[in-house]
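Novice: 3D, please:
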Amino acid sequence: MSAQRRNSARPEQNQPHNVVVLVEDEPGLRSAWIELLSEFGYQVHEAENGRSGLELVRDVHPDIVITDLVMPIEDGRTLANAMRSDRQLRAIPIIAATGDATQPSDGELFDVVLRKPFHSTALLRALTELLVPLSGSWRPLRNRDSSMGPLRARRN
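Specialist: Numbering: from 1, shown residues only. Alright, predicted model coming up:
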């Protein structure tokens, strides 16, 4: 199955956008997150599983990836492992969203782990913390320095 794409609902001329790849198998949740992210000026591309998500990441080279952990075909950990093994993709920040228990290796794979259900402000805060302003647009703040450790966001 090929990756599905969707651009921001309100693109503005001459306005920089952060490009987000959203990988989520639940259509209702994916639509809600796309609406939220688009409202805040993110350009969103979507995929419904890790395999199509990886294809999409390679195609659009986003500023950040948001992925569910448990999905059919390939899960979020498989996606993150593939990205971390690829020199061109390893510096892209990854936010994991899960209702399941985390694993010790998640700290190496993900920059932020959000426990479902979470408030939309937790997602927006994580995006802001992982992206820094640079020349009028936002760019990833990530150099894989493990001494700082991953950000952890918990349900409020």
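
Novice: Give me the local confidence score for Ser8.
Specialist: On pLDDT, Ser8 comes in at 35.

Novice: and if you look at the one 3 residues further on?
Specialist: The per-residue pLDDT reported for Pro11 equals 39.

Novice: Report all helices and strands that the longest helix anywhere in the chain contacts.
Specialist: Selection of the longest helix in the chain by residue count, based on DSSP state H, yields helix 27-39. Packing partners of helix 27-39 (3 or more C-beta pairs under 8 Å, 6 or more residues apart in numbering; DSSP states H and E): strand 19-23, strand 43-47, helix 120-130. C-beta: built from backbone N, CA, C; applies to glycine.

Novice: Strand partners (parallel or antiparallel) of the second one?
Specialist: This points to strand 43-47. strand 19-23 (parallel) (DSSP bridges).

Novice: relative to helix 120-130, how tilted is the partner strand?
Specialist: 130 degrees (axes from the mean of the first three to the mean of the last three C-alpha atoms, to 10 degrees).

Novice: From here on, call the first residue 41.
Specialist: Sounds good: first residue 41 from here, last item strand 59-63.

Novice: which residues sit against strand 59-63?
Specialist: Strand 59-63 is contacted from outside by 70, 73-74, 77, 82-90, 92-93, 96-97, 100-108, 111, 116, 119, 167, using C-beta atoms under 8 Å, 6 or more residues apart in numbering.
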